[in-house]
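**Student:** how would this look folded up:
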Amino acid sequence: MFSSRFHWDSRPNRLTGLLAQKRSAGAPILDLTESNPTHAGLHYPPGMLAALADPRALQYEPAPAGSTEARGVVSAYYAARGCAVDAARILLTASTSEAYAYLFKLLADPGDEVLAPRPSYPLFEYLATMESVTVRQYPLVYHGGWSMDLDALAAEMSQKTRAVILVNPNNPTGSYVKRRELAELVRLCAGRGVALISDEVFSDYALTSDAERVKTLAGVEECLTFSMSGLSKIAGLPQMKLGWIAASGPEAVRREAMEKLEWIADTYLSVSTPVQCAAAALLEAGEAVQRQIRARSAENLAFAEELLRGSAANVLAVEGGWYITLQVPRVRSEEEWVLLMLERENVLVQPGYFYDFTSEAFLIVSLLTEPAVFREGFARLKRNWE
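**Tutor:** Residues are numbered from 1 along each chain as shown. Predicted structure coming up:
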């Protein structure tokens with residue numbers, strides 16, 4: 001009766017089962033996986049809500065690519081970061097997830113392929129499958145820092161490859177694309193007629209500085225490229241549902257891509273008028289939220305690195321975002337470590353295999369966690385690695 005797209009096993013795994021039992025019993029869980037800014041104890045400027053009271057929100061003026069004003073706000077966001085992106089190259093969406101869906105519709109027929117990084121956020125398979133597109137993975141490798149295995153990426157390309165996905169900085173490794181990597185990627189994609197899709201939602205959350213880092217692909221001109229971001233991360237407002245696609249590349253193909261994207265968007269018209277009217281105020285107020293997140297992430301990272309120094313676990317090098325990867329002793333599997341920490345210590349972390357790590361043993365922790373919870377949780381983790 002139902003589509004074959006729904007081929008995933010929806011039964012609870014051992015971790016979700018144990019977590020449900022713990023919470024049902026009233027156990028005080030120290031959650032080190034918090035990824036929702038609105039649940040992280042941040043201060044949101046009171047003027048944010050006032051921005052939604054704009055009287056223009058009562059007028060419906062459908063514009064498939066988004067209102068001229070709101071697209072101009074996004075253009076100004078890029079200009080403030082040293083990248084000129086004309087508003088005509090910007091299309092608004094309700095989220096980056098919707099942006100992926102639009103781009104898969106634009107670029108791929110059923111059965112075509114996109115390349116996605118491994119490890120990375122485990123959403124691509126779901127989004128691609130909903131569009132009848134196949135995900136193939138290319139590896140990120142660690143050698144004191146993360147980099148793309150460009151030879152392996154090139155080997156994964158086939159006649160069916162329609163796009164290469166970058167997460168910049170990556171989630172959860174926190175690694176940015178470097179200039180040398182981008183130059184090679186652009187050469188590969190331009191030569192094979194493959195598009196680049198750059199997910200840049202964490203771009204504003206740098207933890208270190210590096211002149212070789214690429215903060216956005218919105219200026220790429222040699223091949224068709226789509227840069228994505230939105231209020232969810234850059235203003236800490238996932239509930240406001242405003243994302244965007246910035247298109248770049250050779251003018252003719254870029255113009256055709258924008259025309260087709262507007263056609264797709266016109267089918268759904270999903271971006272709400274109130275959030276478009278409030279976009280400028282929300283982005284401006286969101287800068288205060290960004291500052292809090294950056295300060296907290298830096299504080300939590302410094303604490304974790306100092307606490308684990310000399311222990312049997314360590315924090316892998318991270319450049320940006322709000323996640324860190326812990327390498328822990330291989331005396332247990334990731335799943336065993338996660339279950340042990342939850343059972344023994346009431347501390348919740350995530351196993352690396354959730355993010356397609358291909359070797360043991362890695363745990364993922366969110367730097368967005370409130371500092372008091374983070375410190376106590378890490379202290380409990382550490383005593384298992386001493």
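**Student:** count the residues that sit near Ala211.
**Tutor:** 6 (other C-beta atoms under 10 Å). Heads up, the C-betas are built off the backbone N, CA and C, glycines and all.
**Student:** check Arg375 too.
**Tutor:** 17.
**Student:** got phi/psi on it?
**Tutor:** phi -70, psi -40 (degrees, to the nearest 10).
**Student:** what residues are up against the nearest residue to Leu261 once chain neighbours are set aside?
**Tutor:** Leaving aside its sequence neighbours, Leu261 sits nearest to Leu91 (C-beta to C-beta, 6 or more residues apart in numbering; 5.0 Å). Under the criterion of C-beta atoms under 8 Å, 6 or more residues apart in numbering, the contact partners of Leu91 comprise 64-66, 71, 102, 244-245, 247, 258, 261-262, 265.
**Student:** beyond the top helix by length along the chain, next helix or strand please.
**Tutor:** When the chain is parsed with DSSP state H, its longest helix is helix 279-308. The C-terminal neighbour of helix 279-308 among helices and strands, as given by DSSP states H and E, is strand 314-315.
**Student:** what's the angle from whichever helix or strand comes after that following strand to helix 279-308?
**Tutor:** The helix or strand immediately downstream of strand 314-315 is strand 323-327, counting by DSSP H and E. Between the axes of strand 323-327 and helix 279-308, defined by axes from the mean of the first three to the mean of the last three C-alpha atoms, to 10 degrees, the angle is 20 degrees.
**Student:** the host helix or strand of Ile165 - contacts with which helices or strands?
**Tutor:** Under DSSP H and E, the secondary-structure element containing Ile165 is strand 161-167. Applying 3 or more C-beta pairs under 8 Å, 6 or more residues apart in numbering; DSSP states H and E, we find strand 161-167 packed against helix 96-107, strand 113-118, helix 179-192, strand 195-199.
**Student:** note down every partner strand of it and its orientation.
**Tutor:** Strand 161-167 has these partner strands in its sheet, going by DSSP bridges: strand 113-118 (parallel), strand 195-199 (parallel).
**Student:** what about the nearest residue to Arg23 once chain neighbours are set aside, distance to Leu19?
**Tutor:** Closest residue to Arg23 apart from its sequence neighbours, by C-beta to C-beta, 6+ apart: Ile29 at 6.5 Å. Shown here: Ile29 relative to Leu19, a distance of 7 Å by C-beta to C-beta, to the nearest Å.
**Student:** more neighbours, these two?
**Tutor:** Between Ile29 and Leu19, counting by other C-beta under 10 Å, Leu19 is the more crowded of the two (19 against 16).
**Student:** mean confidence for stretch 373-386?
**Tutor:** Average pLDDT, stretch 373-386: 95.
**Student:** just give me how far that stretch sits from the chain centre.
**Tutor:** Here stretch 373-386 is found 27 Å from its chain centre; the criterion is C-alpha atoms, centre = their mean, to the nearest Å.
**Student:** pipe the strands paired with strand 161-167 into JSON lines and attach mean neighbour count, distance to Val365 and mean pLDDT per row.
**Tutor:** As requested, the strands paired with strand 161-167 are exported to JSON lines (neighbours: other C-beta atoms under 10 Å; distance: least, C-beta to C-beta, whole Å; pLDDT from 0 to 100):
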{"stretch": "strand 113-118", "mean neighbour count": "24", "distance to Val365": "20", "mean pLDDT": "98"}
{"stretch": "strand 195-199", "mean neighbour count": "25", "distance to Val365": "21", "mean pLDDT": "98"}
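**Student:** and those as CSV, adding distance to Met1?
**Tutor:** Output for the strands paired with strand 161-167, formatted as CSV (distance: least, C-beta to C-beta, whole Å):
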stretch, distance to Met1
strand 113-118, 28
strand 195-199, 33
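**Student:** quick one on the thing from earlier: identify the contacts common to Ile29 and Leu19.
**Tutor:** Here Ile29 and Leu19 have 342, 348 as joint contacts, going by C-beta under 8 Å, 6+ apart.
**Student:** circling back to that earlier point, of the strands paired with strand 161-167, which is nearest Ser24?
**Tutor:** strand 113-118 (34.7 Å; C-beta to C-beta).
**Student:** got a list of contacts for that closest one?
**Tutor:** Contact with strand 113-118 is made by 104, 107-108, 124, 128, 133-140, 148, 153, 156-158, 160-167, 170, 197, 356, 358, as judged by C-beta under 8 Å, 6+ apart.
**Student:** can you do 7 Å?
**Tutor:** Surrounding strand 113-118, the residues in contact under the criterion C-beta atoms under 7 Å, 6 or more residues apart in numbering are 108, 124, 128, 133-140, 153, 156, 158, 160-165, 167, 170, 356, 358.
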